[in-house]
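Peer 1: Starting from these lines, generate the structure:
(2 chains)
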Amino acid sequence: DAGVTQSPTHLIKTRGQQVTLRCSPISGHKSVSWYQQVLGQGPQFIFQYYEKEERGRGNFPDRFSARQFPNYSSELNVNALLLGDSALYLCASRQDRNYGYTFGSGTRLTVV
Amino acid sequence: QQQVKQSPQSLIVQKGGISIINCAYENTAFDYFPWYQQFPGKGPALLIAIRPDVSEKKEGRFTISFNKSAKQFSLHIMDSQPGDSATYFCAASRLSRDDKIIFGKGTRLHILP
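Peer 2: Numbers count the residues shown, from 1 in each chain, chains lettered A, B, ... in the order given. All right, here's what the predicted structure looks like:
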């Protein structure tokens, strides 16, 4: 059974550019969340989606946006990239509120 | 505002020893306390989790001790092995509210062979 898959695994972008990160949840998991993990820190919550509806948003600027598709996959978009956006972006999915989240291996974004 | 405080920041333990990591939380509405293990280049993996109605949960060599009145919980790794060397994160969430996970800052554990 495949886990949470994220693409790409690594990405290098220039300041000011835009980036789209993709996530495929575990089959049957309807809830997807996005987290940002800066080197040496714990993951910070960005967004949560359930059944294609946004259920939660963390303390991130409007440059960050996300969406969930009918097949429950999700995309995270970041516009006008800053050097400080360099981080590991993690996607997590779960079946419903009675279960914990399973994380993917993340996308390592480097902004230069 | 850091809602989950984790200590120590780093820990070195001899092989076969007991590794202990501590966490404290502030929000009494949290009802789910997981521990995650993360290896370099990988995402966090759920190790063990506890609900506040239980004071202890054991899974193999890993035990969570939970003190609701003190708003503290800890992870004990018995018979620590070099393969346990990783970063460990405590976390808290309001699972019943389908809420986000709040992570601690992590503990880098190194087990000496």
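Peer 1: give me the residue from chain A nearest chain B.
Peer 2: Residue of chain A nearest chain B, by Cβ to the nearest Cβ: residue A:42 (3.2 Å). C-beta here means a position set from N, CA and C on the backbone, and glycine is covered the same way.
Peer 1: any idea how far the nearest residue to that residue once chain neighbours are set aside is from residue B:95?
Peer 2: Leaving aside its sequence neighbours, residue A:42 sits nearest to residue B:103 (Cβ to Cβ, 6 or more residues apart in numbering or on different chains; 3.2 Å). To residue B:95, residue B:103 is 15 Å away according to Cβ to Cβ, to the nearest Å.
Peer 1: State the mean pLDDT of the host helix or strand of residue B:37.
Peer 2: Here residue B:37, judged by DSSP states H and E, is contained in strand B:33-38. For strand B:33-38, the mean per-residue pLDDT is 96.
Peer 1: how about the closest residue to residue B:14 other than its chain neighbours, what does it touch?
Peer 2: Distance criterion Cβ to Cβ, 6+ apart; nearest residue to residue B:14, sequence neighbours excluded, is residue B:112 at 5.2 Å. Residues near residue B:112 by Cβ atoms under 8 Å, 6 or more residues apart in numbering or on different chains: B:12-15, B:82.
Peer 1: out of these, which one sits closest to chain A?
Peer 2: For the contacts of residue B:112, the closest approach to chain A (Cβ to the nearest Cβ) belongs to residue B:12, at 17.4 Å.
Peer 1: The closest one sits in which helix or strand?
Peer 2: If you go by DSSP H and E, residue B:12 is part of strand B:10-14.
Peer 1: beta partners of residue A:78?
Peer 2: With DSSP bridges as the criterion, residue A:78 is bridged to residue A:19, residue A:64.
Peer 1: Next, find the distance separating it from residue A:102.
Peer 2: 23 Å.
Peer 1: Which of those two has more residues huddled nearby?
Peer 2: Under the criterion of other Cβ atoms under 10 Å in any protein chain shown, the comparison of residue A:78 against residue A:102 puts residue A:78 first, with 24 against 19.
Peer 1: list the contacts for the residue sitting furthest away from the middle of chain B?
Peer 2: The C-alpha centroid of chain B is most remote from residue B:113, which lies 22.5 Å away (Cα atoms, centre = their mean). By Cβ under 8 Å, 6+ apart, the residues touching residue B:113 are B:15, B:82.
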